[in-house]
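**Student:** Any chance you can model this:
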Amino acid sequence: MTDQEIKDALLDWAKVYCNNPFEDDDGNEVLPGGVTLFLNNATEYMKAQTGIQSESLGKYSVTLTTDFPESMLKLLHPYRRVYTKTDWTKYSLNRWWC
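**Tutor:** Numbering: from 1, shown residues only. Next up, the predicted model:
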């Protein structure tokens, strides 16, 4: 995947995570600075991350991680909105839990 494809996928994820379409009144996409910073940091994190959280040698063991660091997610906290009943049906969040 190219950097732009990763950023596009991360932006879709961030919109659902924040329950925020990041659009102005005319429907144009407007990304706040914190979201742009998250996209840039998360893209670099995903490119550099091997997915290995810890590794042992005796009886070889590997623990994988799939989460972003909390410090990175804090960039999105100011833009999160409360979910309402209609939001649950609109976003169909079940696909993120599978």
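
**Student:** for the nearest residue to residue 68 once chain neighbours are set aside, what are its contacts?
**Tutor:** Excluding its sequence neighbours, the residue lying closest to residue 68 (CB to CB, 6 or more residues apart in numbering) is residue 42, at 6.2 Å. Quick note: C-beta positions are derived from backbone N, CA and C, even for glycine. Residue 42 sits next to 10, 68, 72 when contact means CB atoms under 8 Å, 6 or more residues apart in numbering.

**Student:** sec struct for residue 42, please.
**Tutor:** helix (DSSP: H, G, I helix; E, B strand; the rest coil).

**Student:** all strands for the protein, in order.
**Tutor:** Per DSSP state E, the chain carries strands over the ranges 52-56, 61-64.

**Student:** so where's the chain uncertain?
**Tutor:** Counting by pLDDT under 70, the chain shows low-confidence ranges at 50-53, 64-66, 85-98.

**Student:** hmm, 90 instead?
**Tutor:** Counting by pLDDT under 90, the chain contains low-confidence residues at 1-3, 5-6, 43-70, 81-98.

**Student:** Please pick out the residue of it most distant from its centre.
**Tutor:** residue 58 (34.6 Å; CA atoms, centre = their mean).

**Student:** and that residue, backbone torsions?
**Tutor:** Main-chain dihedrals, residue 58, degrees, to the nearest 10: phi -70, psi 120.

**Student:** Okay, it and residue 67: tell me how far apart.
**Tutor:** 26 Å (CB to CB, to the nearest Å).

**Student:** just residue 24 next, same as before
**Tutor:** 31 Å.

**Student:** again, but for residue 60
**Tutor:** 23 Å.

**Student:** At which residues are the helices of the chain located?
**Tutor:** 3-18, 33-48, 70-73, 85-91, 94-97 (DSSP state H).

**Student:** mind putting those helices in TSV, distance to residue 54 included?
**Tutor:** Shown next, in TSV, are the helices of the chain (distance: least, CB to CB, whole Å):
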stretch	distance to residue 54
helix 3-18	25
helix 33-48	17
helix 70-73	18
helix 85-91	33
helix 94-97	25
